[in-house]
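Visitor: below are the sequence and a predicted model for it; my questions follow.
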Amino acid sequence: MSTVRILIGDDHRIVREGLKQVLADAPEIDVVAEAETGPEILEKVEALGGSTGPTALNAVLLDIALPDRDGLDVLQALKARWPDLPVLMLSTYPEKQYAVRCIKLGAAGYLNKSANPDDMIAAVRKVASGGRYVSAVAAEALASAVGNSAARSGTEALSHREHQVFRLLTAGKSVGEIGAQLHLAANTVSTYRARILEKTGTRNDVELALYAERHGQTGG
């Protein structure tokens with residue numbers, strides 16, 4: 001059986017160690033690199049040759065919630081530079097809300113960090129072999145999203161950038177902090193915030209945070 005070479009991108013060491021421990025049960029899977037930040041992930045993938053060459057990767061396991069650069073932005077950068085490199089997104093965010101968004105941006109699959117070890121190994125094997133991995137919950141969300149864009153509401157109606165701002169607002173970040181992290185002007189962030197409040201039917205950041213909690217959209 002050929003070796004499956006993996007990079008893990010997550011800013012929490014305990015998560016990376018846990019993933020490595022789970023994947024150690026699959027003898028063909030080799031975690032050859034790990035990284036904590038978006039730039040470090042891109043740098044290490046580049047150093048390994050991306051998806052081609054003798055040290056190339058077979059897949060990247062990527063957290064959505066990175067501290068310096070949004071994981072979905074990193075996903076887009078990876079797919080733009082190495083379109084054939086499978087990326088499996090990991091998060092504690094609910095699959096129903098996030099799997100469709102990730103797959104639309106080019107992810108080969110989406111897995112909740114609470115998944116059991118057998119599912120984690122199966123997901124890595126699936127995406128590394130060129131397939132797509134979606135759970136039953138994610139598959140249902142994908143099916144309902146097809147041809148139903150006109151009926152979207154709440155966070156489902158948010159654009160990619162609005163969704164990034166939404167997650168940061170509900171994590172307690174200020175407009176200035178969000179602007180610095182996403183490299184946006186403060187007035188641009190404020191415009192996104194206004195659109196988010198309108199689409200979610202909330203009036204302020206407190207109501208928005210409560211909305212996120214009610215809809216299971218807090219996590220990392």
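Guide: Right, received. Where do you want to start? Numbers count the residues shown, from 1 in each chain.

Visitor: tell me which residues touch the residue sitting nearest the centre point of the chain, please.
Guide: Central residue of the chain (CA atoms, centre = their mean): Ile64, 3.1 Å from the mean position. Ile64 sits next to 70-72, 89-91, 93, 98, 102, 220 when contact means CB atoms under 8 Å, 6 or more residues apart in numbering. Using the backbone N, CA and C atoms, a C-beta is placed for each residue, glycine as well.

Visitor: tell me which of the residues you listed fall in helices.
Guide: Cross-referencing the contacts of Ile64 against helices under DSSP state H gives 71-72, 98, 102.

Visitor: between the contacts of Ile64, which sits nearest Ala56?
Guide: Using CB to CB, Met89 comes nearest to Ala56 of the contacts of Ile64, at 20.2 Å.

Visitor: pick the one among the contacts of Ile64 closest to Asp10.
Guide: Nearest to Asp10 among those is Leu90, at 7.0 Å by CB to CB.

Visitor: now the residue nearest to the centre of the chain: phi and psi?
Guide: Main-chain dihedrals, Ile64, degrees, to the nearest 10: phi -70, psi -40.

Visitor: for Ala56, see how far away it is.
Guide: Look at Ile64 and Ala56: by CB to CB, to the nearest Å, they are 24 Å apart.

Visitor: and the longest helix anywhere in the chain, how far out from the chain middle?
Guide: The longest helix of the chain (DSSP H) is helix 186-200. Relative to its parent chain, helix 186-200 has a centroid offset of 22 Å by CA atoms, centre = their mean, to the nearest Å.

Visitor: hey, which helix or strand in the chain has the poorest pLDDT?
Guide: One helix or strand of the chain scores below all others by mean pLDDT, DSSP states H and E: helix 136-145, with a mean of 68.

Visitor: which helix or strand lies directly C-terminal to that one?
Guide: Next along the chain after helix 136-145, taking DSSP states H and E as the criterion, comes helix 160-170.

Visitor: and for that next one, what's in contact with it?
Guide: Applying CB under 8 Å, 6+ apart, the contact partners of helix 160-170 are 65, 70, 72-73, 101, 105, 155, 158, 177-178, 181-182, 189, 192-193, 195-196, 199-200, 205, 208-209, 212, 217-218.

Visitor: how many other residues sit next to Met89?
Guide: Residues lying near Met89 (other CB atoms under 10 Å) number 28.

Visitor: understood, closing this out.
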